[in-house]
Each structure stands twice: as C-alpha cells, then as structure tokens.
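In: could you work out the structure for the sequence below:
(chains A, B, C and D)
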There are 2 protein chains.
Amino acid sequence: MIKLLISEDHQSLLDGLLLLFKGDDAIEVIGFARDGQELLEILQHKKPDVLLTDINMPRMNGIELCKKVKETNPKVKIVAFSMFENEDAIKDMLEAGAMAYVLKQRPLAEVRKAIISVSRGERYFDSTIDLSQIENTEKSKEKTLLSPSEREILKLIAQGKNSSEIAEIRFTASSTVLKHRKNIIQKLGLHGKGELLRYALNKYKHY
Amino acid sequence: MIKLLISEDHQSLLDGLLLLFKGDDAIEVIGFARDGQELLEILQHKKPDVLLTDINMPRMNGIELCKKVKETNPKVKIVAFSMFENEDAIKDMLEAGAMAYVLKQRPLAEVRKAIISVSRGERYFDSTIDLSQIENTEKSKEKTLLSPSEREILKLIAQGKNSSEIAEIRFTASSTVLKHRKNIIQKLGLHGKGELLRYALNKYKHY
DNA sequence: AAGTAAATACCCTTTAAGGGGTAGTTTCAT
DNA sequence: ATGAAACTACCCCTTAAAGGGTATTTACTT
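Out: Okay, here's the model as predicted:
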C-alpha cells in the first residue's frame, strides 16, 4: 500500500480525491492539509511514501512546501497537481523536487497513475505537458536573456513599483533602472509599459 | 430524481463530482461539458432541472452561459461553483440568474445541498459567503462612484488599450479619455497608471 | 423650468518612461 | 591578464499620461 499525503486548498477537489482513493487497494490516504504549513505539521508525525500537492495554496505554496519536504524527508516522492500549465510553475516544481506534474484539467485517473509511477521511482507527466518544451520555455529564455539585475527589476515591476521606487530599493540611480527597464522590454520583445507590467504580473502572480 | 447538468473545465473536479453523484438516489447526472459552449449544445437535447456550472471556463464563461440558459430554458435552476470569492463574480452570477453560489474551497457535500435547495426553488449560499456584504462590495461602490463611460474605459484599460486606442474605439477625443482616466484614478483613490492598470487587470481578468 | 450629473473637449505644466545612444567600471572565467 | 558580460550612469528626443483646471452640451430628476 502506498501511503499518501494530500495538500490541496480546494476542499471540493480534496473530497473528490478522497472519494477516489476510498477502497483503493494500492493507495491509502494517511492525511491531508489545506495548505503547505498545515502539511508540514502533519509530516512531523506521519511517514508517507508520496505527497500529492497543489501549487497555489494560502500561507505556503506548493513550491516552498516541496523544497522543505525535500530537505527534511528526502525520500518522499512528490506529485504536483495544479491548474497552471504555465511552464514556469512546472519548472519551479521540478527544480524544487517534484517527480510528477498533473494538471487539474486532466482526469482523476491520471493523478492515480502519477502517484503509482512516482512510488516506483519513475517520473510522470500528463500527456498534455510537453517536457521537451519545458527546456525551451520562456523562463529559460529569460534566464539566458535577462541578467540578474534585470530579473530582479522585473520582479519589482510585478510588485507595482515604479522606476524611482526601484532605484531606492536597489540603491542605484533611476537612470540605471530606466536603462534596465528598456533592456528588458527590448530583450523580451515587449511593446511599452503596459505589456511589461502585464508580463511581470503574469509571471510573478503565483509567488 | 433531480436531473443535473454539469459544466466544469477541470476534469479532475468533474470526475470528483461524478463520483459523488454515482449511486445518489436524489440526483442524476444527465450530462456534462468542459465549457459553456459545449453545455449549450447538450442543452438542445437534454432537459435538466439543475445546472451546476463553473465560472472560469474556456470559450464561454459561466456568466455568459448563465444568461443564455436563462433566455432559452428559464426553468433550469443554476448553481454557480467557483474558486473566486470575488464579490464581483458572485454578483455577476446572481444578476445572470444563478440561484446558488458555492466555493470550490467548500466540501462537495455543500454542492449537493445547493443542488437540492435550488431544485426546490430555494436559494443557497455557502456559509463563507456574506450576502449582506455583497451589496456593499467594491463593485457597488464602483457602480455608484464611476459613471458608465468611466466603467467602460476601465474595461478597455484592462484589455491593455492606451488612451488613443480607447478614443478610437469610443469615437471620442483622446483628451476626453484622458479626462475620464484621471477621474477614475481620483475616484478610486489610486496612484498613477501602474495602480490603475493593476486595478483594471485584477478586476476584469476573469471576463 | 431649474437643477444636477455626466459626458465631452479643451487648457497648462510636469513626470515617467520609451527609443536610441555612449562610456566607465566591476566581475568573472578562461 | 585579457576579454566578455554585466552593471552602472549618463546623453538626446519624444510620447503618454498624471494633476489640475475650465466650459459646453446633453440628459435625467423633481
């Protein structure tokens, strides 16, 4: 029997998962939580084989949870379960230690398959996820394209900061921030502040 | 037996709902769809008592679906099922004809309760929804605060349009659009274009 | 018919930031 | 230690739009 912990903030979906695994002779749900913080507490006195976790959760998101679980319980295999087909989210989860990624758009049966796969030490990605594309994703593009300063500034832009505020935060001249901003727009092929803000907001909203 | 149609783009959650109603002696699922468009097609040859629908769906969202169902099949009772506790979304669904609103954060049992309630002609709102607050929501504030033109311009801003584009769309001088923009900022107590764009994007992202 | 709110369109001034440069200075890897 | 990349900081010019007004017309309200 695979011992499973579930972390999912949507109770309705959690209920569906519990219904799915009730009476399952291969998987046993030994606990569940509605956010990462709560799951970490449960993990102190439970020893699961697999953790199924959502990404977007209150208090602690799936990416942070994943990292912490891997630090303290490295043997636990992690399945990411999310509505985001955003390549960044997938990449972040993989980097944080997840072995599988299943979209909420997929049938529940896929979640079960993923859990069984990771329990055997195999990776699992649902058929709608193109792993080869993950490597060429916008984030990788951004990582090679944008310099560290530029990436930091992009994050600050996502937080709604304007150039002079960013300049203060970074202890640098606003002319420098302006320059970085221009370079970001140019490198990412954006058109104007509107698109820049949209891009930044979209990229960092789940963090 | 209550004849139920379901419209939900997350297959995993749909699977959970189907598991829940399988063997239910009060509710029978007679069909399901992954978006509003698909559901309308099903509705042409099925006669449900109740429609359970998500709000955020591809092709046609729950608000549009709700309106169209009410036009063609006014007797069908509608339960909105969404992850948004956004007051605007709730208000829009109610205005569009929904009789119940349940959050995905709530247990599946509440969905069942809501379906049974609306089938009897009663309304249903899960306990986390404060209906009295819905009336004092930001949208109502906005409705009394912002004039019709201002609201339209806010939507166009959310679509990434700049003032000259908005002027073309509305067949008006860009000076007028600029004036409306300034008034919106002033009325909503925002600070600059960044906040305006963020506000607009946040408000209209689900539409 | 008078009053009010809204929409329209303009005024002026200032700021933020795009678009396009140049140039000095760290920093790091080969 | 040499060279590339990144960071820094400035130049120019232009545009979008904020911030603050005013005036006219339209439309609804009582």
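In: what's the local residue count around the closest residue to chain B within chain A?
Out: Nearest residue of chain A to chain B, counting by CB to the nearest CB: A:Gly16, 1.8 Å away. Using the backbone N, CA and C atoms, a C-beta is placed for each residue, glycine as well. For A:Gly16, the count of nearby residues is 25 (other CB atoms under 10 Å in any protein chain shown).
In: that one contacts B:Gly16, doesn't it?
Out: Yes. In this structure, A:Gly16 is within contact of B:Gly16 by CB atoms under 8 Å, at 1.8 Å.
In: residue contacts, the residue of chain A closest to chain B?
Out: Going by CB atoms under 8 Å, 6 or more residues apart in numbering or on different chains, A:Gly16 touches A:Leu108, B:Ser12, B:Leu13, B:Asp15, B:Gly16, B:Leu17, B:Leu19, B:Leu20, B:Leu108.
In: any idea how far the first one is from B:Arg123?
Out: By that I understand A:Leu108. 30 Å (CB to CB, to the nearest Å).
In: then the fifth one?
Out: The spacing between B:Gly16 and B:Arg123, counted by CB to CB, is 24 Å.
In: again, but for A:Ser174
Out: Using CB to CB, A:Ser174 is found at 54 Å from B:Arg123.
In: same thing with A:His191?
Out: 47 Å.
In: check A:Tyr204 too.
Out: Using CB to CB, one obtains 39 Å as the distance from A:Tyr204 to B:Arg123.
In: now do A:Met57
Out: From A:Met57 to B:Arg123 the distance is 30 Å (CB to CB).
In: for chain A, what lies in contact range of DNA strand D?
Out: Counting by CB under 7 Å from any atom of the strand, chain A comes close to DNA strand D at A:147-150, A:170, A:172-173, A:175-176, A:178-180, A:194.
In: let's see that with 10 Å instead.
Out: A:143-153, A:167, A:170-180, A:182-183, A:187, A:192-194 (CB under 10 Å from any atom of the strand).
In: the residue in chain A that DNA strand D sits nearest to: neighbour count?
Out: Residue nearest to DNA strand D within chain A: A:Ser147 (2.4 Å; CB to the nearest atom of the strand). Counted by other CB under 10 Å, the residues lying close to A:Ser147 total 14.
In: need phi/psi at it.
Out: In terms of degrees, to the nearest 10, the main-chain angles of A:Ser147 are phi -80, psi 160.
In: confidence score at it?
Out: Here the pLDDT value assigned to A:Ser147 is 81.
In: list the residues that contact the residue of chain A found nearest DNA strand C.
Out: Of all residues in chain A, A:Ser163 sits closest to DNA strand C, at 3.0 Å by CB to the nearest atom of the strand. Applying CB under 8 Å, 6+ apart to A:Ser163 gives the contacts A:Ser174, A:Val177, A:Leu178, A:Arg181.
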